[in-house]
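Show me the folded form of this:
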Amino acid sequence: MKKIALVSHTADLHGAERMLINLALLLQNNGSFSPVLLIPGEGELIELARKLHIDCVIVPKSPWYIFGKTTYYFSDVNLAAESLRRVFVNLMVDVVIINTLTSIAPMLAAIQINLPALVWLHGVIDSSMVGPRDSRFVYWNEDFLLHSACGLIANSHWTADFFTNILSAPKIDIIPNWTEVDPTLTVDEEKYKSRKIVLLGTFEKNKGHILLLEAAKILKQRGVSFEIDLYGGGPDRQHIEHLCKEYDINEQVYFKGVTSDIRSAYSNAAVVVSASFVESFGMTLIEAMANRTAVISTRSGGPQEIVRDGETGYLVERSDSRQLADRLEEVISDPDLARQMGDNGYQVVCDKYSSAQALKAFSGILLEMPKTNHYSQGAIDFVACFTWLGENYPQVTYSQSPLPDHVNLNIAKSSPIELKGYFNPLKRQLIYSVIVSQDDLNGIVFNLYPFIFPPNAETQVEITTMDGETLRKVKLIVDETKTPSQINFTKICNVNNSTLLLKLQLPRDYGNERMVWVKQWMILTMASFLKRKLGRTVLNISLL
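Modelled structure (predicted):
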């Protein structure tokens, strides 16, 4: 029986955490797996897990790289990784599933003990949601997670396409979210005559509450009878309440708060709405369909894969409140149409979004996980650099991440290796040199791993050896879609005490901050590589 650690980044209970609970229940009821939830503290998530008799362990909170405000990023992440590593070993975990792209600590811990780790992709965070500086920091962390994981699982093709196209992620398995379906479900016909519209979601701008209120304003102006139930909490609730008064629809809109009784929310609804601007899946849609309820959704990503336009409900444009009002009026004014769409949706959920199909998909991936050799040398080098930074620069802050401007590596053995790097902004080039002897480099091959380069960029690497006036050059194109390009030092450096120059040509549209990060990681990766291969005394790294 395989022990599966399900790692949550939060103790709160939202959509991704509900799916983690669903997965634990799914695996728990299968004789091949023994799931355990790792949760950072007390909260709604662990309360629900205990109520459902799911094995769970409280672990220290791992610093987030998204919306994160941790004071000392490298040292705090390393401490969290150390704690998780001990937990993995003590629980005799076989496979780790990291829920969402939020923290790299679980991946660091897994790589350090060669434990296979999967990343479950639930959604995307656009740069408009986190700000330009945080967006670049997110990119750097997510690149590591996506290209180090033993497997990636996404809840929709839309989510997978985003990470493939934007961050050049490798192969991603698609396992749609699922919900329990009652095969004996019957509904009261009066529900389709209720003219009730339901939206479940956090009160924040992306969820589109304002779009629904604008449509409701139009319906009232037309003299259409309706009522709206809004379920959820969040920072924008007061603003939404104010708009209800401004639009003169406060008598039609009811604020129901947060609920754990999802079925009751759908039981009297004629139609359920998802008005999001970006939605990676659309959990409320399949839950509504499982309760024989018609659905209307914006074309916001994942919902296009769920809603069959005109059959199980309707799809509308994200900013078109009039189109939304038209479709709402059609459904709530025609009980027969609402019932037919509800029945069609129920059948779609049975065919495509059942727990049995999800279990089959997850089981296939987990049972095929190899026991050894999970990680590339690039991922191992990344962890070595990150660990070293946490130990030697514990007070580097989030705002300074990913690296300080200057670092000195002191290893402790005999003769020195000098490693210097500098960036020429006029030529947009990174250059660094390593002074070594040919004997030291004999037979060594260094890999250039794609995840430290920008996505979809042709990156030219030029290596020049210098011995007096002698120059030798090798040009490489780093192809991010294939295995790492390799540099064989023996073929290049055949003169004792020669200086090796590596020049990295960066694309013209590559931002200055990101250039610095690439430069720093290239140098540190090379330093870690040479330290491991040569065991030399001093590596002085100057990031100028």
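
thinking residue 348 is in contact with residue 313, fair?
No. Counting by CB atoms under 8 Å, residue 348 does not reach residue 313; the two are 10.3 Å apart. Bear in mind the C-beta positions are built from the backbone N, C-alpha and C, glycine included.

Could you check which of the two has the larger neighbour count?
Neighbour count, other CB atoms under 10 Å: between residue 348 and residue 313, residue 313 has more, with 30 against 17.

which one is that one nearest to, not counting chain neighbours?
Leaving aside its sequence neighbours, residue 313 sits nearest to residue 295 (CB to CB, 6 or more residues apart in numbering; 3.7 Å).

Check which residues of stretch 321-328 are buried.
For stretch 321-328, burial by neighbour count (16 or more other CB atoms under 10 Å) applies to 321, 323-328.

From those, pick the one nearest residue 286.
Taking CB to CB as the measure, residue 286 lies nearest residue 327 of the buried residues of stretch 321-328, at 19.0 Å.

does that closest one count as helix, strand or coil?
For residue 327, the assignment made with DSSP: H, G, I helix; E, B strand; the rest coil gives helix.

and the gap between it and residue 273?
Residue 327 sits 9 Å away from residue 273, going by CB to CB, to the nearest Å.

picking up where we left off before, turn the buried residues of stretch 321-328 into a markdown table, including pLDDT.
A markdown table is the format used below for the buried residues of stretch 321-328 (pLDDT from 0 to 100):
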| residue | pLDDT |
| --- | --- |
| 321 | 96 |
| 323 | 97 |
| 324 | 98 |
| 325 | 98 |
| 326 | 98 |
| 327 | 98 |
| 328 | 98 |
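
Just send those back as a markdown table, with distance to residue 187 too.
Output for the buried residues of stretch 321-328, formatted as a markdown table (distance: CB to CB, whole Å):
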| residue | distance to residue 187 |
| --- | --- |
| 321 | 29 |
| 323 | 27 |
| 324 | 24 |
| 325 | 25 |
| 326 | 25 |
| 327 | 21 |
| 328 | 20 |
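
For residue 58, state which of those is nearest.
residue 324 (43.4 Å).

Surely that closest one and residue 215 touch.
Yes. If you go by CB under 8 Å, residue 324 and residue 215 touch, sitting 4.1 Å apart.

Show me the common contact partners of residue 327 and residue 273, please.
The contact sets of residue 327 and residue 273 overlap at residue 296 (CB atoms under 8 Å, 6 or more residues apart in numbering).

who's in contact with the residue nearest to residue 313?
Counting by CB under 8 Å, 6+ apart, residue 295 makes contact with 271-274, 285, 288-289, 306-307, 312-313, 341, 345.

Show the buried residues in those residues.
Counted by 16+ other CB under 10 Å, the contacts of residue 295 give 271-274, 285, 288-289, 306-307, 312-313, 341, 345 as buried.

Which ones among those residues map onto helices?
Counted as lying in helices by DSSP state H, out of those, are 285, 288-289, 306, 341, 345.

of the buried residues of stretch 321-328, closest to residue 300?
residue 324 (12.3 Å).

what's the strand or helix carrying residue 107 packed up against?
Using DSSP states H and E, residue 107 falls within helix 105-112. Counting contacts by 3 or more CB pairs under 8 Å, 6 or more residues apart in numbering; DSSP states H and E, helix 105-112 is packed against helix 73-90, strand 95-99, strand 117-121, helix 132-148, helix 377-392.

repeat that for 6 Å
When contacts are defined as 3 or more CB pairs under 6 Å, 6 or more residues apart in numbering; DSSP states H and E, helix 105-112 packs onto helix 73-90, helix 377-392.

Correct me if wrong: residue 233 contacts residue 258.
Yes. Using CB atoms under 6 Å, residue 233 is in contact with residue 258, at 5.0 Å.

Common neighbours of these two, please.
Residues touching both residue 233 and residue 258 (CB atoms under 6 Å, 6 or more residues apart in numbering): there are none.

So for the residue lying closest to residue 88 once chain neighbours are set aside, what's the pLDDT?
In this structure, residue 88 finds its nearest non-sequential neighbour in residue 115, 5.8 Å apart by CB to CB, 6+ apart. If you check residue 115, the pLDDT there is 95.

what's the answer for the one 4 residues further on, then?
At residue 119 the predicted local confidence, pLDDT, stands at 96.

Ok, residue 146 next?
Looking at residue 146, its pLDDT reads 87.

That one: how many residues sit nearby?
Neighbours around residue 146, by other CB under 10 Å: 20.

any idea how far residue 379 is from it?
Remark: distance between residue 146 and residue 379 (CB to CB) = 11 Å.

same thing with residue 19?
26 Å.

Same question for residue 335.
Taking CB to CB, one finds residue 335 at 57 Å from residue 379.

mind listing what residue 273 touches?
When contacts are counted by CB under 6 Å, 6+ apart, residue 273 touches 197, 199, 212, 296.

okay, now the second one: neighbour count?
Yep, that's residue 199 we're talking about. 26.

so what's residue 197 bridging to?
For residue 197, the beta-bridge partners under DSSP bridges are residue 228, residue 271.
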